[in-house]
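Asks: Mind looking at a prediction? Sequence and model below.
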Amino acid sequence: MDKTTVRMQQIALQTLANGEVDVILGWKKGDEWYDSYPVVINDINETAELIWDAFCVNNLSKYLITELKKNLRIGVFLKGCDSLAFNQLVIDNRIDSERVVIFGLPCPGMIDPQKVKHAGLNKGLLKVERTGDKIVFITKEGVKEYIGRSFDYDKCLNCRCPNPVVSKYMLSDAVTRTDEEQYFPDVTEIEKMPLEARYDYWTKQFSKCIKCYACRNICPLCSCETCVFDNIAAGVSSKADADCEQQFFHIIRAYHVAGRCVDCGECSRVCPVGIPLEKLNRKIIKDINQLYGDYTADTDIAKSPPLGTYKVDDFDPFDGSKQGGKK
Amino acid sequence: MSLKLEEKAISSKQQFEPLIVAFCCNWCSYAGADLAGTSRLNYPANIKIIKVPCSCRVSPNFVLRAFQRGADGVIIAGCHPGDCHYSTGNYFTRRRFTLFANLLEYVGIEREKFKIEWISAAEGNKFATVMNEMLDSINKLGPSRKLRDGRWIRQQ
């Protein structure tokens, strides 16, 4: 068994047994090789079923919001991107960090089952093991080894935070990424397109939407008790398959997490029709970084959110004429 | 029938009568519009004013909804930064809508269609100028159904 998994089970057992936490949020292995699903456990016998593999992609920090209402103290396993979401939830006052014990998991990247299927490796596949960039596919016929990141989720290829920024216990050594960080190439690419082409591009992308709201539900920061899109009276939750409704939903969804988005890429990962939603969020992040100083959500919980604050001398794009304005 | 009417209405540019929604802050811009009126300044009848308590009351939902339901241009008018009746409201407007305007441009909406202006209660003149300029630029862009609800029909 994987070294980190062993450590994970040990620490879960230890903290549950000594009463440091009441429940543990982790992952269990499902029936299929790609199936690692989130679980809440409070029984020490179940700790042996906890797992850490290349498919533990679900962010557990959002579950804290509901679980903290039911439990006093929670132990949770967080990867790098999950820990950013955790920090942002603390900033948003959605969770009480005092009652959470974080087990940090440096993450080499998660494997996209779709990419494995496209490579035709899924036939008779029993298990996939990953150590660093070495991926081992265990099939009925035998064992295949690959080195490299060709099976990683797209979002993992652009990872800017593989190591948890906050944790009480670190479960393995920090991962180092030597890749050149290319943060906003996709946004710049779209910005360069002519206006009409941009409109056509986005309308085409949005028109694929089936309004399943998976992007909203998975987003660790879309955590309103009642979402505007669930409010029938607001008149914005129409299920009609009209371009304007899709545009409305996607523009507003991206805008509602403006300044809070941690760029974990979950929204586009779960999108069943493959809309590149992260490109909308990244545009906003890029603008915020340019206009309001370097804000990288969210490694620093002391910083106030960019849209919850202001400066008197902020950049003012609307004051072209300068008529009568205060200088 | 009605679809044909719609086509006819937008087929020639001369007949294109844009609809512009102006969200005006109660304390400055709405009073500015009032001043424009009492000073007998001309501003186009295409401008439909919606009074809001403060420019930061305007949510991006309102803007998109206006475009859906027939607006060809949306303008948010508020007090000059520093003059907000509620001290800080329009500083937030400025940040929010700087980002939102950029986002709209990013998804392919012309800059001219969505504007923010700072108009004080004493600037009746500026109100009229801004609205006339807005109408001009929308007229230049011509009819477009971007962001429009496909089921929406222009009332004749």
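Replies: Yes, it's here.
Asks: Can you find the helix or strand of chain B with the lowest average pLDDT?
Replies: The least trusted helix or strand in chain B, going by mean pLDDT, DSSP states H and E, turns out to be helix B:2-11, with a mean of 57.
Asks: Does chain A have contacts with stretch B:133-143?
Replies: No: shown here: stretch B:133-143 not in contact with chain A (CB under 8 Å from any CB of the partner chain), separated by at least 9.9 Å. (C-beta placed from N, C-alpha, C; glycine too.)
Asks: sorry, back to before: contacts for the following helix or strand past the least confident helix or strand of chain B next, please.
Replies: For helix B:2-11, the succeeding helix or strand toward the C-terminus, using DSSP states H and E, is strand B:20-25. Applying CB atoms under 8 Å, 6 or more residues apart in numbering or on different chains, the contact partners of strand B:20-25 are B:29-30, B:32-33, B:44, B:46-55, B:58, B:62, B:66, B:71-79, B:85, B:90, B:119, B:131, B:134-135, B:138.
Asks: Which of these fall within strands?
Replies: B:47, B:48, B:49, B:50, B:51, B:52, B:73, B:74, B:75, B:76, B:77, B:78 (DSSP state E).
Asks: Skipping adjacent residues, who's closest to whichever residue of chain B sits closest to chain A in space?
Replies: Going by CB to the nearest CB, chain A is nearest to residue B:108 of chain B, at 2.6 Å. Using CB to CB, 6 or more residues apart in numbering or on different chains and skipping the chain neighbours, the partner closest in space to residue B:108 is residue A:199 (2.6 Å).
Asks: Spell out the secondary structure type for residue A:12.
Replies: Secondary structure assignment for residue A:12 (DSSP: H, G, I helix; E, B strand; the rest coil): helix.
Asks: doesn't residue A:8 fall inside a strand?
Replies: No: counting by three-state DSSP, residue A:8 is not part of a strand but helix.
Asks: okay, now it: neighbour count?
Replies: For residue A:8, the neighbour count with other CB atoms under 10 Å in any protein chain shown is 25.
Asks: what's the answer for residue B:147, then?
Replies: Residue B:147 has 26 nearby residues by other CB under 10 Å.
Asks: Make sure it is actually in contact with residue B:109.
Replies: Yes: in terms of CB atoms under 8 Å, residue B:147 counts as a neighbour of residue B:109; the distance is 6.6 Å.
Asks: who's in contact with residue 92?
Replies: In the absence of a named chain, chain A is used. A:221, A:223, A:260, A:305 are the contacts of residue A:92 under CB under 8 Å, 6+ apart.
Asks: Chain B is the one I meant
Replies: The contact partners of residue B:92, taken as CB under 8 Å, 6+ apart, are A:307, A:310, B:56.
Asks: wait, is it part of a helix?
Replies: Yes: looking at residue B:92 with three-state DSSP, it is inside a helix.
Asks: Can you say which of the contacts of residue A:92 are buried?
Replies: Listed as buried from the contacts of residue A:92 are A:221, A:223, A:260, A:305; burial here means 16 or more other CB atoms under 10 Å in any protein chain shown.
Asks: Derive a PyMOL selection command for the buried subset of the contacts of strand B:20-25.
Replies: Selection of buried members from the contacts of strand B:20-25 for PyMOL, criterion 16+ other CB under 10 Å:
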select buried, chain B and resi 29+30+32+33+44+46+47+49+52+54+55+58+62+66+71+72+73+74+75+76+77+78+79+90+119+131+134+135+138
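Asks: Endpoints of stretch A:266-286, how far apart?
Replies: End-to-end distance of stretch A:266-286: 18 Å, with CA to CA, to the nearest Å as the criterion.
Asks: count of residues packed around residue 15?
Replies: No chain was given, so I picked chain A. 21.
Asks: please go with chain B instead
Replies: 10.
Asks: The one 3 residues further on now?
Replies: The local packing count at residue B:18 equals 22, with neighbours defined by other CB under 10 Å.
Asks: Wait, it touches residue B:140, no?
Replies: No: assessed by CB under 8 Å, residue B:18 is found out of contact with residue B:140, at 10.3 Å.
Asks: Averaged pLDDT, stretch B:54-64. What do you get?
Replies: For stretch B:54-64, mean pLDDT is 94.
Asks: pLDDT wise, what is residue 20 at?
Replies: Picked chain A for this. pLDDT, read off for residue A:20, is 92.
Asks: Correction: the question concerned chain B.
Replies: In this model, residue B:20 is scored at 95, pLDDT.
Asks: ditto for residue A:81
Replies: 89.
Asks: That one: how many residues sit nearby?
Replies: Applying other CB under 10 Å, we find 27 residues neighbouring residue A:81.
Asks: which residues touch it?
Replies: Residues near residue A:81 by CB under 8 Å, 6+ apart: A:59, A:107, A:159, A:161, A:262, A:264, A:265.
Asks: Enumerate the beta-bridge partners assigned to the closest residue in space to residue B:113 that isn't next to it in sequence.
Replies: Distances taken as CB to CB, 6+ apart put residue B:73 closest to residue B:113, at 5.0 Å, once the chain neighbours are dropped. Here residue B:73 sits in beta bridges with residue B:20, going by DSSP bridges.
Asks: Next up, the contacts around residue B:73.
Replies: Per CB under 8 Å, 6+ apart, neighbours of residue B:73: B:18, B:19, B:20, B:21, B:112, B:113, B:114, B:115, B:134, B:135, B:137, B:138.
Asks: hmm, 7 Å instead?
Replies: B:18, B:20, B:113, B:134, B:138 (CB atoms under 7 Å, 6 or more residues apart in numbering or on different chains).
Asks: Fine by me, we can end here.
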